[in-house]
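A.B. asks: kindly return the folded structure for what I paste below:
(one chain, ligands or ions: 1)
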Amino acid sequence: MSQFQCYTGKKLSHLLNRIRDAIYTEIAPLQITGWCTPEPLPFERRLEGMKRNLTVGDKWGNLFDCAWFHFTGTVPESAAGKHVVVLLDVNGEMCLVDSQGVPLRGLTNLKSLYDYSLGGPGKRVFEINRQASGKEKIDLWADAGCNDLFGYLTENGTIKQASIALCNDDMRTLFYDFEVLLDLMKVLSKESARHQQIFNALNKVGHLLSQFNAEEARAGHAILLPQLQKKGGDASLQISAIGHAHLDLAWMWPIRESIRKGARTFATVLYLMERYPDYIFGASQPQLFDWMKQYYPELYQKIKAKVHAGRIEAQGAMWVEADTNISGGEALVRQILHGKRFFKQEFGVDPNYLWLPDVFGYSAALPQLLKKSGVDYFMTQKLSWSLINNFPYHSFHWQGIDGTTVLTHMLPEETYNSAAAPHSVHKAESQYREKAVSEHCLMLYGIGDGGGGPGAEHLERLTRQKNLNGICPVVQETAAHFLAKWAKDAAQFPRWVGELYLERHQGTFTTNARNKWYNRKIECALRELEWVLTLNLIQSHQSYPTKRLEKIWREVLLYQFHDILPGSSIKRVYDESIARYQQLLKEVNQMMEKNYLLLTEQINTTGIKQPLVIFNSLSWERTEWIKVNNQWFEITVPACGYQTIDATAESTEIPTVIATENQLENDLMRVTFATDGSIQSIYDKRVKREVIASGQTANKFAVYADDGDAWDFRMDYADFAPRFMELVSALPRIDGPQAILEQTYRLGHSELVQAITLTAGSRRIDFNTQLNWRETETMLRTAFPVAIHAEDATYEIQFGHVQRPTHQNTSWDLAKDEVPAQKWGDLSARDYGVALLNDSKYGYKIKGNVIDLNLLRSVLYSGQRLVRDEDVQPGEPHHAFTDQCEHTFTYSLFPHPGDHIGGGVVQAGYELNHPLKAIPATEKAGSNPTVASFIKLNAPYIILETVKKAEDSEEIIVRLYEAAHRNTAVTIHFSQPVETIEEANLMEESVQALPVKNKNEVKLEFQPFEIKTLKIKFR
Ligand SMILES: [Zn+2]
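C.D. replies: Predicted coordinates for the structure are as follows:
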């Protein structure tokens, strides 16, 4: 062969396309009838939509419209003996169903916004008969959505293809032979004999193809076969491949479409499993399985059978692939609890690994949560998305805040949508950082994000790559099999200490602020509801609504999915989740009130004219002011207990507080305001110390231009001068022990009203905020420059806290510009510090001496940028922006002597989020005293997080953790006599029996940040 006659690489790619085009030959059109609706209808109601006779080229819908399609036709006689298929593409996603409406096969339009470097998303082929007899009637029903895989309208929702076609199987075989070898050739050294021999063989095939018929295809296959049969030698690295369909449970589409995407994806998996015996597929998210159970019961039975057969792997361990920055601690426990319970109950499997390929950063609380839930391994890939630093490991021991480690694997290929082609295998090997010490790594192949999963192309490639000379061998197996093999080398893996911070998507700590507010409120309300329900169960054997709570929790857990809670979904997702949150919150609050009332009925209130019972669900005694019928009472409520007062009694003597237009003052603090409304000075009278940095002012409402999206804002945003909201009025008032300055600010069409409140006896300054935000492409922030110097700031995370640098010494410090926190962030020296508490905000930035909090981001909703004028529904705004709405939130500045521990910041964060609850009672001769504590602890930094009934028994679960990072011994005292106490894991399984002292006490020893779960049987 002369150099001048041979194909170049580019020409070989072109040839490959010509081979592909010769696989299918259309022989007859199909008739198309559609019944169109805006929302999906089940199979039985498929004829209720608007009936239309359609043909190729017709528009059938707008974005997210639905239709049942009926495709009919007759196989031409000329096709007898041949392989007949149908080719269907309606520029949307479809699910073909059988005559009973049971899903058979998911189809996806060829044209999509998908990243084509990962492969084509299109699935358009459905088998009719491998050996047709001719004249067969074709009668197919399909449930369609007018959206591509990524939730976009493509080609204006027109029908692209609906025809009967012949499949040239020889050409199909040649196509994959050729594709795999061409791809392999490209990753081999040009100097290698292997490269040149493959090149030569591909060229020969190029020379013989002229008619592109079966005979030529067979000859081509014969030329390529020896190259495909060349085996590799002893492998140094083996790749474990598992089919994957990353399915965001809401993102660029509403939740209802995710349910349908699930059916399409699983139907395709089952369809391909019939044809590819080695195919193993994995799916996480019990929520997705539960939807299949609920909406597609027959399909679910088939899925279940494949799980039992070991072909579909139920991957753990959370209910959904949840956000771990914003979700609260107990919510993360419930993600695993409900996730594992479902798989155990439904499939009898108990995954020992957590599967979170796509979550935007991983809390340093996770290792302990995982290990204490029977989860030993963790798999992700997202840190490869970091913008500044390259995460240094792919296989490592990840150590959390309490020292627990969990063995972690990050996909070396750095995608969960692998093409499973030779270049994918090559990339995995080249990039795998621990390949010197590890002989195994994982590959997730398939089409994903919008579901879909592997197509025949992935499986055809893998069939040819089992042990192909030139690349690592690939074995198709479950993640569990992979983990067991891979873990054998773990002794040599490196260690990463602390959070897995994603250097990207920091906007998601703030975007869609109202959704995040509801998440916090429902987390807090559920905590309190479970506490009061449990007290009634112990006290008076009231029923405990386990089933209802399970349903509520699971819905709350769904909304913590990694594109819902972070704020990165389309507008409809938030319209729907907020409506549901409102209902759930109302229901939870009503149940709570009812149960508080039941508790009050147990109290002996005889002789009290107008009894009012004040409840404290937190595990320490609190003394606070409360207002009843315009009277103020300073009351002390014991830990996990209540105090009864007479609402007709005279109010407590009220100490003097001062409120003027430019000053608030109580016994401890004096706050001075500048003429623009900002805070000029906060003087701690007791320790004689100024809190605000000299020459600077605090709490100015800075409005930054934000042309980012739901995920990201520009890192240099602060280099552009912000606008500030302007003070229009400042009204001082005194309400009992509270000095209040009500400030009103405006900017553009937006208005912010803030009641700045200082209460007698407290250093906490509350900023109770009502905000009507109307601006677009803006970020609103507040900042507190404080007179504290410290190199690290402290931020609360789930079940503990982390420290992060306040400087930018290294690129790793620089990257942590905006960081997530739970209820507080704090800047402290040893002697004094300042915390900024919040009731629903998560985006903090403490750099230098400035504590800065992100309040909202008004940016285009995900998906909006691509909405075209003609697709906008009448009456709908042209572009919709996040956070352009009414907001209510509170943040509090909490200066404190001592550091964040000595200063009581942990408790202050809880107190802001769990106010005392006053329940009016009636005079009654109950058996309980007027003041009581149900649970008492003698260590202030052992925090009681959860009290609930056990899922599977009448026992009571009590969860506590050490919050100060020290070894602590504690005695816990229960008001009720105890029969047995066991220590349990987070899955509520007993670990060991504990001795009960004095009939109602237990002694525990905590390691720093340790979480302990008790399982108690009361007498
Ligand atoms: Zn995702």
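
A.B. asks: so which residue of the stretch 901-1019 of the chain comes closest to the ion?
C.D. replies: Here the residue of the stretch 901-1019 of the chain nearest the ion is residue 986; by C-beta to the ion that distance is 24.8 Å. Every C-beta, even on glycine, is put in place using the N, C-alpha and C of the backbone.

A.B. asks: buried residues, stretch 375-382. List them.
C.D. replies: 375, 377, 378, 379, 380, 381, 382 (16 or more other C-beta atoms under 10 Å).

A.B. asks: which single residue of the stretch 701-850 of the chain ends up nearest the ion?
C.D. replies: Closest point on the stretch 701-850 of the chain to the ion, by C-beta to the ion, is residue 711, at 11.6 Å.

A.B. asks: wait, that residue touches residue 504, no?
C.D. replies: Yes - counting by C-beta atoms under 8 Å, residue 504 is a contact partner of residue 711 at 7.3 Å.

A.B. asks: what's the overlap in contacts for those two?
C.D. replies: Common neighbours of residue 711 and residue 504, using C-beta atoms under 8 Å, 6 or more residues apart in numbering, are residue 360.

A.B. asks: quick one, phi/psi of the nearest residue to residue 842 once chain neighbours are set aside?
C.D. replies: Distance criterion C-beta to C-beta, 6 or more residues apart in numbering; nearest residue to residue 842, sequence neighbours excluded, is residue 509 at 4.3 Å. Main-chain torsions, residue 509, degrees, to the nearest 10: phi -70, psi -10.

A.B. asks: where's residue 334 relative to residue 341, distance?
C.D. replies: As judged by C-beta to C-beta, to the nearest Å, residue 334 and residue 341 stand 10 Å apart.

A.B. asks: please enumerate the strands of the stretch 801-950 of the chain.
C.D. replies: Secondary structure of the stretch 801-950 of the chain by DSSP state E, counting those that start in this stretch: the strands cover 819-820, 824-828, 832-838, 843-847, 850-858, 886-897, 917-920, 931-933, 935-937, 942-949.

A.B. asks: please identify the most buried of these.
C.D. replies: Of all the strands of the stretch 801-950 of the chain, strand 824-828 has the most neighbours on average by mean count of other C-beta atoms under 10 Å, namely a mean of 27.

A.B. asks: show me what that one is packed against.
C.D. replies: Counting contacts by 3 or more C-beta pairs under 8 Å, 6 or more residues apart in numbering; DSSP states H and E, strand 824-828 packs against strand 792-797, strand 832-838, strand 843-847, strand 850-858, helix 905-913.

A.B. asks: dump those into JSON lines; add mean pLDDT and distance to the ion as well.
C.D. replies: Formatted as JSON lines, those follow (pLDDT from 0 to 100; distance: least, C-beta to the ion, whole Å):
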{"stretch": "strand 792-797", "mean pLDDT": "98", "distance to the ion": "22"}
{"stretch": "strand 832-838", "mean pLDDT": "98", "distance to the ion": "27"}
{"stretch": "strand 843-847", "mean pLDDT": "98", "distance to the ion": "20"}
{"stretch": "strand 850-858", "mean pLDDT": "98", "distance to the ion": "20"}
{"stretch": "helix 905-913", "mean pLDDT": "98", "distance to the ion": "29"}
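
A.B. asks: which stretch among those comes nearest residue 167?
C.D. replies: Residue 167 lies closest to strand 850-858 among the helices and strands packed on strand 824-828, at 50.8 Å (C-beta to C-beta).

A.B. asks: and the angle for the closest one with strand 832-838?
C.D. replies: Strand 850-858 and strand 832-838 are oriented at 10 degrees to each other (axes from the mean of the first three to the mean of the last three C-alpha atoms, to 10 degrees).

A.B. asks: direction included, what does strand 850-858 pair against?
C.D. replies: Applying DSSP bridges, strand 850-858 is found paired with strand 778-785 (antiparallel), strand 843-847 (antiparallel).

A.B. asks: can I get those strands in JSON lines with distance to residue 561?
C.D. replies: Output for the strands paired with strand 850-858, formatted as JSON lines (distance: least, C-beta to C-beta, whole Å):
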{"stretch": "strand 778-785", "distance to residue 561": "24"}
{"stretch": "strand 843-847", "distance to residue 561": "19"}
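
A.B. asks: residue 408: which of those strands is closest?
C.D. replies: Minimum separation from residue 408 across the strands paired with strand 850-858 (C-beta to C-beta) falls at strand 843-847, 25.6 Å.

A.B. asks: returning to that earlier point: which ones are touching the residue nearest to residue 842?
C.D. replies: With C-beta under 8 Å, 6+ apart, residue 509 has these contacts: 325, 326, 566, 818, 819, 820, 842, 843, 844, 854.

A.B. asks: out of the buried residues of stretch 375-382, flag the one nearest to the ion.
C.D. replies: Ranked by distance to the ion (C-beta to the ion), these are led by residue 382 at 8.9 Å.

A.B. asks: now do the same contact list for the closest one.
C.D. replies: Residue 382 makes contacts with 356, 357, 358, 359, 360, 361, 502, as judged by C-beta under 8 Å, 6+ apart.

A.B. asks: who is residue 997 paired with across the strands?
C.D. replies: residue 1001.

A.B. asks: could you measure from it over to residue 971?
C.D. replies: Residue 997 is 8 Å from residue 971, by C-beta to C-beta.

A.B. asks: what sits in contact with each of these two?
C.D. replies: Among the neighbours of residue 997, those also in contact with residue 971 (C-beta under 8 Å, 6+ apart) are residue 1003.

A.B. asks: what pLDDT, on average, does stretch 1010-1019 get?
C.D. replies: Averaged over stretch 1010-1019, pLDDT sits at 97.

A.B. asks: and the residue nearest in space to the middle of the chain, what does it touch?
C.D. replies: Residue closest to the average C-alpha location in the chain (C-alpha atoms, centre = their mean): residue 562, at 2.3 Å. With contact set as C-beta under 8 Å, 6+ apart, residue 562 has these partners: 248, 320, 321, 322, 323, 356, 358, 359, 360.

A.B. asks: tell me, how many residues neighbour the nearest residue to residue 156 once chain neighbours are set aside?
C.D. replies: Distances taken as C-beta to C-beta, 6+ apart place residue 59 nearest to residue 156, at 5.8 Å, with adjacent residues excluded. Applying other C-beta atoms under 10 Å, we find 13 residues neighbouring residue 59.

A.B. asks: also residue 275?
C.D. replies: Per other C-beta under 10 Å, the neighbour tally for residue 275 reads 11.

A.B. asks: which residues touch it?
C.D. replies: Residues near residue 275 by C-beta under 8 Å, 6+ apart: 456, 459.

A.B. asks: look up how far the ion lies from it.
C.D. replies: According to C-beta to the ion, to the nearest Å, residue 275 stands 28 Å off from the ion.

A.B. asks: now do the same contact list for the closest residue to residue 901 other than its chain neighbours.
C.D. replies: Leaving out its chain neighbours, the residue that sits closest to residue 901 by C-beta to C-beta, 6+ apart is residue 964, at 4.7 Å. Residues near residue 964 by C-beta under 8 Å, 6+ apart: 901, 906, 941, 1008.
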